[in-house]
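Trainee: What follows is a predicted protein model with its sequence.
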Amino acid sequence: MHVLGRHFGSDEGAITDGANDGSGGDRIPTVRLGSFLARDGSAGAAVGVDADGPHAGVVFGKRGTGKSYTLGVLAEGLGAARGVSPVVVDPMGVFGGLESAGGRVVEPRIRPTAIPPEAWPDLLGLDSAGGPGSLVWRVVAGAVDAAVGGSERSSDSPSLAAIRERVATADAPADDRRAAANHLRLAESWGVFDAGAPPVERLAADGAPTVLDLAGAPEAAAAAVVRAVARGLYDARIRGALDRLPWLLVDEAHAFFGGVADPALRTLLTRGRAPGVSLVCATQRPGALPSVAVSQSDLLVAHRLTAERDLDRLAEAEATYLAGDLASRLPAGTGEALVVDDATETAHTVRIRERRTPHGGGSPCASGTEAAASAAAKSEDP
Ligand SMILES: Nc1ncnc2c1ncn2[C@@H]1O[C@H](COP(=O)(O)OP(=O)(O)OP(=O)(O)O)[C@@H](O)[C@H]1O
């Protein structure tokens, strides 16, 4: 099998995730991605992704070209590979099928202290230089200090209600206190903050895929979760609190750059590999990702793209060793992708393998609705 992301030439000893029963041995964890796609459309040799070391990757593609599906293929494979632990950010609710491979779908809860004081005004949609915003910043900072310097013990994180009470009694103009309290009350209604939430590393403790179900969550709530989880996994590896190498797989990743989650994702992109944290960002809008997402990635999987801005972002990946432009090499079929591998300095067309677990995505079609099914049943009645 050709192994993407592995620096040494030989893939001897590589195993496919399907064969990896976690029984150990000297074999190297590898996630089977698919097969090379020949010019005549026939499938060639198997292609896998190295899961022995940490990586940063991007998966690009227009709507419906298979990028969520590809992320699911990675999650399945990582869930079966030794020593790693995939955590999937699922804003559209399409990864629930991973449960049939031993995964779990969770409605994520995070501690208020997982968001640093300076990020709270932005999170609540307040100007950090304005009265209510600076009040929230100050009160959260005070609450964190009071809670033993933001220690990791769950009992040490203040609840949002406690922070709101501090706001109510703070030395600040009444209007500012009222506005700040209202925004905090709104954040409480998101249902993601919980002072007693387990530490983030628990999400990655046993290697089974963990799906963070954010379908229907307000944008700011989802961003808070991504920030807390990305930073939490990184910190846990630095502290030595997580044995496995976590892989954070983020679908609809464009939604998480430029906001509250941005600094934590950038930390993983630029510094995540040192402590062993991998990040894979999937998006239909590569042009909305920062350049650093591409420049730091050692693995790029590109399904079909057509918008100029998105193709421009792809062009940034054109290292000098790649002859010709990548855009002209993008395959057209669903589930087909151009894969650029920094480790071996190559670009290949690949057919992504089929999922072993159900995929929840796909374009809605009228013929697939219940109404259409019952109409069809009626027309078959004698
Ligand atoms: N490798 C594949 N093998 C077989 N079918 C695939 C493959 N990739 C995608 N498909 C099919 O294409 C459909 C669309 O794929 P997917 O949901 O991943 O699209 P997407 O690019 O993520 O779109 P969206 O932006 O809407 O999420 C899937 O439901 C699946 O039926």
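Mentor: Noted; the coordinates are in hand. Numbering: from 1, shown residues only.
Trainee: What separation do you get for residue 206 and the ligand?
Mentor: Taking C-beta to the nearest ligand atom, to the nearest Å as the measure, residue 206 and the ligand are separated by 26 Å. Backbone N, C-alpha and C define where each C-beta goes, glycine included.
Trainee: State whether that residue is indeed within a strand.
Mentor: No: counting by DSSP: H, G, I helix; E, B strand; the rest coil, residue 206 is not part of a strand but coil.
Trainee: which residues does it contact?
Mentor: Listed by C-beta atoms under 8 Å, 6 or more residues apart in numbering, the contact partners of residue 206 are residue 85.
Trainee: Give the phi and psi angles for it, as a check.
Mentor: Listed backbone geometry of residue 206 is phi -120, psi 0, with angles given as degrees, to the nearest 10.
Trainee: Residue 118: what secondary structure?
Mentor: Three-state call for residue 118 (three-state DSSP): helix.
Trainee: Which residue is the nearest non-sequential neighbour of it?
Mentor: If you skip the residues right next to it in sequence, residue 118 has residue 137 as its closest partner in space, 6.1 Å away by C-beta to C-beta, 6 or more residues apart in numbering.
Trainee: What residues sit buried inside whatever helix or strand that neighbour lives in?
Mentor: In this assignment (DSSP states H and E), residue 137 forms part of helix 131-146. Buried residues in helix 131-146, defined by neighbour count with 16 or more other C-beta atoms under 10 Å: 131, 132, 133, 134, 135, 136, 137, 138, 139, 140, 143, 144.
Trainee: So the residue nearest to residue 118 is in contact with residue 117, correct?
Mentor: Yes: shown here, residue 137 and residue 117 form a contact pair, counting by C-beta atoms under 8 Å, at 5.3 Å.
Trainee: Show me which residues of the stretch 201-350 of the chain are close to the ligand?
Mentor: 284, 334, 335 (C-beta under 6 Å from any ligand atom).
Trainee: Out of these, the closest to the ligand would be?
Mentor: The shortest approach to the ligand among these belongs to residue 335, at 2.8 Å (C-beta to the nearest ligand atom).
Trainee: For the stretch 51-200 of the chain, which segments are assigned as helices?
Mentor: Taking DSSP state H, counting those that start in this stretch as the test, the helices found in the stretch 51-200 of the chain are 67-80, 120-123, 131-146, 160-168, 174-189.
Trainee: Would you mind finding the most buried of the ones you listed?
Mentor: Mean neighbour count (mean count of other C-beta atoms under 10 Å) peaks for helix 67-80 among those, with a mean of 27.
Trainee: Counting by contacts, list what it packs against.
Mentor: Counting contacts by 3 or more C-beta pairs under 8 Å, 6 or more residues apart in numbering; DSSP states H and E, helix 67-80 is packed against strand 30-37, strand 43-50, strand 56-60, strand 84-90, strand 245-250, strand 278-283, strand 346-352.
Trainee: chain center to it, what's the gap?
Mentor: Chain-centre distance of helix 67-80: 11 Å, with C-alpha atoms, centre = their mean, to the nearest Å.
Trainee: Was I right to think residue 230 contacts residue 261?
Mentor: Yes: in terms of C-beta under 8 Å, residue 230 counts as a neighbour of residue 261; the distance is 6.7 Å.
Trainee: middle-most residue in the protein, spatially?
Mentor: residue 250 (1.7 Å; C-alpha atoms, centre = their mean).
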